[in-house]
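Just need the structure, nothing else, for what follows:
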Amino acid sequence: MQKFINKYRDQICGVLSGFDRLVFRGSLRRLNYGVWDPQLHAMVAHGMEQYLWQNRILFKDYQEHVKRVSERLKKESLQALDKRQVVFEPSPDVDKDDWARRFAAENQIHSGRVCVIGTMEPSPTFEHRRTHIIRRRRPCHVLYHYQIHPELGWMYARIQTWFPFNIQVGLNGREWLARQMDRHGLKYRQQGNCFVWIEDYEEAQKLMQQQLKTSWAEWLDGFARQLHPAHEQVFEQYPTDYYWTVFQSEWATDVVFGNADFLHRLMPLLVRHGTLSFRSADVMRYFGRKVNQSGTIPDQFGGKLETDLKRRQEGERVKYRMNGNSAKFYDKAYSECGNVLRAETTLNTVQDFRVYRPKEGGPEDDLQWRPLRKGIADLHRRTEISQKADERLLDALASVDDSRSVQELTAEIQKPAYWEGRRVRALRPWAEDQKLLAALNHGDFLIHGLRNRDLQALLYDTPAATPAERRRRSAAISRRLRMLRAHRLLQKVQRTHRYQVTAAGRVILIAVLTAARTSVHQLNQLPIAA
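Predicted coordinates for the structure are as follows:
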C-alpha cells in the first residue's frame, strides 16, 4: 500500500484501515450435535435428544414443549419495549435496517433499544420422526432487535425464537470508531459509514486497532442474555453455551483525497487498469494464493474466480471474487471536506486461508499452519489476511496513471548501459526481451525475490538434459541479470543470491506488459495527443 500512498502523497490527507461490517453467528454446539442416519435419510439430532432425556420429556411431547419455550422467549425478550416498538413484517423484500433507522429518526431515539422487527425466515431446527429427533430446515419466527449501543453505535441482533435459538449479531466498525472518537474528543466528519475528514488520522488508526483487542465472547454473550433472558433456566438440566463464529467480515482501507476533481479524474484510469490489466492469477495473489511459475492457475485449484465492474450512483466499483470472498475498490464518498477511495476485502469462506495455531483440543505448544476457522478465536488472523489483500490491491493500482508515457518510460532502457565498467546492450522490450520482462513481473517474486534458477524455469520450456547444458543456461541467465541490474530494473538482496525488482522497474514492467496486451481496438478508444 505504501507504493500507492507515496505516489499520491501530495493529494492524500490520510489513510484509515479497519473493520467495516461485521456479522457474528452464535449456535449451541452441544444442542446441535448430530449424526447422519442412512435409514431416515436425515441427520439425527443427538444433542436435542439428550436435552429431552435430561429434562424427562417424551419425544411425542417435543412439539408442545418447544412451543411453550418459544412463547416464553418472545414474551421475556420483548417485555421492556413499548407496543409501537414491536412490528411484524411478513415480506422479505422490506429493508429492515432502513425501516428501523427511519423509526429511530421519527421518534428521536438516540440511544438504547430502538425497535424489534419480527419476520419468518428459513432456519435450521428439529422435528420428531419415528423414534428420533432429526434436524431439518423450515420457516421460523425470528426477531431483529435494533439498538444504538453506547460503545458500538448502531447495530442489530437477531434470534430464532424456535429451537435451537440461533443468534446473529451485526455491527459496523466505523460506527464503533465514531463512538470512540467522541469519547476522546477527536473531531471528524462522517458521511454514511465512512469518514471524509478526521482531525488526526494517526490517532484514529490507534483507536481502530483497539477494536482488535475486544473480548468478543464477553460482549456477544451479553447480547445473547438480552435476547434470551431465560436461557439459563431452559438449559438448567442440559447446560450449553453459545459458540461464536464470524459469518462475514468486511475490512476496509479508506484513502482520503483532498481534491475531488483529482479523484474524479483518477477513478476512470484505475477502473480501466483494474479491469483490463489484472488476470485471474492476479486475483489469486491478492488473497495470498500461490500460482504456477508460468503465471497459470494450479490444476488443483477447483474454485471460482471472477472480475466484475458495476456502476453505482457515487461512481464505479471493480470487484474480484474467489470462492465466495472478494476484494474490491471504489470511490466511496465526495464532499467539501474530503473524498474517499476505498479498498475493501470481504471474507465469507475462510477454508482457503491458514493460521499458525495448535490443533483444537490438542497440546498448546503444537503450533502449525492449519486451516483458518470461522470461530472468533481466529478473528485477528482474519484481519491480517484482509489488510494484506487491501495492500496488494492498492499496490497493484499504484502502477497506473504515471505522468510519463510508455515511450518516455522505456527510452532509457532501450539505450546501452554500463555495469562495473563494461558495456551492456540495450533492452528490446517489444522484441526478444519481452518474455524476460514478463517473467520478472511474476507475483511469486514480489515478496521473496527471484534467483537464477527461477528465471531458468520460466524462460526454458524443458529442463536441462546435461550438466554442461545447465552450466550454459546458468551463465546465460547471469548475463541477463547483469543487464537488468545495469538498466536499474533489478537490485541484489544483500548476502543472498536473490534479486528484487526496483520500484522504478516495477512501473516500467507494468507499462510495457499492459501495452503489449492492449488490442488495436482498445488503442483506438484512447484520445490522440495533439
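
mind listing the strands for the stretch 301-450 of the chain?
For the stretch 301-450 of the chain, the strands defined by DSSP state E, counting those that start in this stretch cover 305-311, 316-322, 325-334, 339-347, 354-357, 368-371, 417-419, 422-424.

quick one: which of these is nearest Ala252?
With respect to Ala252, and counting by C-beta to C-beta, the nearest of the strands of the stretch 301-450 of the chain is strand 339-347 at 4.3 Å. All C-beta spots, glycine's among them, are computed from the backbone N, C-alpha and C.

hang on, the earlier thing: can you convert the strands of the stretch 301-450 of the chain into JSON lines and add a column each for mean neighbour count and mean pLDDT?
As requested, the strands of the stretch 301-450 of the chain are exported to JSON lines (neighbours: other C-beta atoms under 10 Å; pLDDT from 0 to 100):
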{"stretch": "strand 305-311", "mean neighbour count": "13", "mean pLDDT": "81"}
{"stretch": "strand 316-322", "mean neighbour count": "20", "mean pLDDT": "86"}
{"stretch": "strand 325-334", "mean neighbour count": "22", "mean pLDDT": "90"}
{"stretch": "strand 339-347", "mean neighbour count": "24", "mean pLDDT": "93"}
{"stretch": "strand 354-357", "mean neighbour count": "15", "mean pLDDT": "88"}
{"stretch": "strand 368-371", "mean neighbour count": "12", "mean pLDDT": "88"}
{"stretch": "strand 417-419", "mean neighbour count": "13", "mean pLDDT": "93"}
{"stretch": "strand 422-424", "mean neighbour count": "12", "mean pLDDT": "93"}
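
can these go into JSON lines with extra columns for distance to Val196?
Conversion of the strands of the stretch 301-450 of the chain to JSON lines gives the following (distance: least, C-beta to C-beta, whole Å):
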{"stretch": "strand 305-311", "distance to Val196": "22"}
{"stretch": "strand 316-322", "distance to Val196": "18"}
{"stretch": "strand 325-334", "distance to Val196": "5"}
{"stretch": "strand 339-347", "distance to Val196": "6"}
{"stretch": "strand 354-357", "distance to Val196": "35"}
{"stretch": "strand 368-371", "distance to Val196": "39"}
{"stretch": "strand 417-419", "distance to Val196": "47"}
{"stretch": "strand 422-424", "distance to Val196": "50"}
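
now for those, which one comes closest to Ser249?
Counting by C-beta to C-beta, Ser249 lies closest to strand 339-347 out of the strands of the stretch 301-450 of the chain; the figure is 5.2 Å.

Apart from its neighbours in sequence, what residue is nearest Ser478?
Leaving aside its chain neighbours, Ser478 sits nearest to Asn452 (6.3 Å; criterion: C-beta to C-beta, 6 or more residues apart in numbering).

How much space separates the one you found from Arg422?
Look at Asn452 and Arg422: by C-beta to C-beta, to the nearest Å, they are 19 Å apart.

Thr161 now?
On the measure of C-beta to C-beta, Thr161 and Arg422 end up 81 Å apart.

Likewise for Arg482?
8 Å.

go on, Asp221?
The value you get for Asp221 to Arg422, if C-beta to C-beta is used, is 71 Å.

try Thr496
With the distance defined as C-beta to C-beta, Thr496 ends up 23 Å from Arg422.

residues touching the residue nearest to Leu459 when sequence neighbours are not counted, list them.
Ranked by C-beta to C-beta, 6+ apart and with sequence neighbours excluded, the top spatial neighbour of Leu459 is Ala439, at 6.1 Å. The contact partners of Ala439, by C-beta atoms under 8 Å, 6 or more residues apart in numbering, come to 455, 458-459.

wait, which of these is closest to Leu513?
Lowest distance from Leu513 to the contacts of Ala439 (C-beta to C-beta) belongs to Leu458, with 14.0 Å.

count of residues packed around that closest one?
Other residues within reach of Leu458 by the criterion other C-beta atoms under 10 Å amount to 20.

so Phe103 is in which element?
With secondary structure defined by DSSP states H and E, Phe103 is part of helix 96-106.

pLDDT of that helix, averaged?
Taken as a whole, helix 96-106 has an average pLDDT of 94.

what helices or strands is that helix leaning on?
Packing contacts for helix 96-106, counted by 3 or more C-beta pairs under 8 Å, 6 or more residues apart in numbering; DSSP states H and E, involve strand 112-129, strand 132-149, strand 153-160.

which of those is buried the deepest?
Between those, the one whose residues have the most neighbours on average, counting mean count of other C-beta atoms under 10 Å, is strand 153-160 (a mean of 22).

That one pairs with which strands?
As defined by DSSP bridges, the strand partners of strand 153-160 come to strand 132-149 (antiparallel), strand 167-172 (antiparallel).

and the gap between Cys140 and His132?
20 Å.

repeat for Ile510
As defined by C-beta to C-beta, Ile510 lies at a distance of 62 Å from His132.

re the thing from before, among the strands paired with strand 153-160, which comes closest to Pro90?
Ranking those by distance to Pro90, with C-beta to C-beta as the measure, places strand 132-149 first at 10.7 Å.

mind saving the C-alpha coords of the closest one as PDB?
Once non-C-alpha atoms are left out, strand 132-149 reads as follows in PDB (Å, rounded to 0.1, in the frame of the first residue of the first chain):
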ATOM      1  CA  HIS A 132     -35.800 -39.900  16.700                       C
ATOM      2  CA  ILE A 133     -35.500 -36.200  16.700                       C
ATOM      3  CA  ILE A 134     -34.000 -35.100  13.400                       C
ATOM      4  CA  ARG A 135     -32.600 -31.900  12.000                       C
ATOM      5  CA  ARG A 136     -34.400 -30.100   9.300                       C
ATOM      6  CA  ARG A 137     -34.900 -26.600   7.800                       C
ATOM      7  CA  ARG A 138     -38.200 -24.800   7.900                       C
ATOM      8  CA  PRO A 139     -39.600 -21.300   8.200                       C
ATOM      9  CA  CYS A 140     -39.200 -20.000  11.800                       C
ATOM     10  CA  HIS A 141     -40.200 -16.800  13.600                       C
ATOM     11  CA  VAL A 142     -37.200 -14.600  14.100                       C
ATOM     12  CA  LEU A 143     -36.800 -11.300  16.000                       C
ATOM     13  CA  TYR A 144     -34.500  -8.500  14.800                       C
ATOM     14  CA  HIS A 145     -33.500  -6.300  17.800                       C
ATOM     15  CA  TYR A 146     -32.200  -2.900  16.700                       C
ATOM     16  CA  GLN A 147     -30.400  -0.700  19.200                       C
ATOM     17  CA  ILE A 148     -27.900   2.300  19.400                       C
ATOM     18  CA  HIS A 149     -25.200   0.800  21.700                       C
END
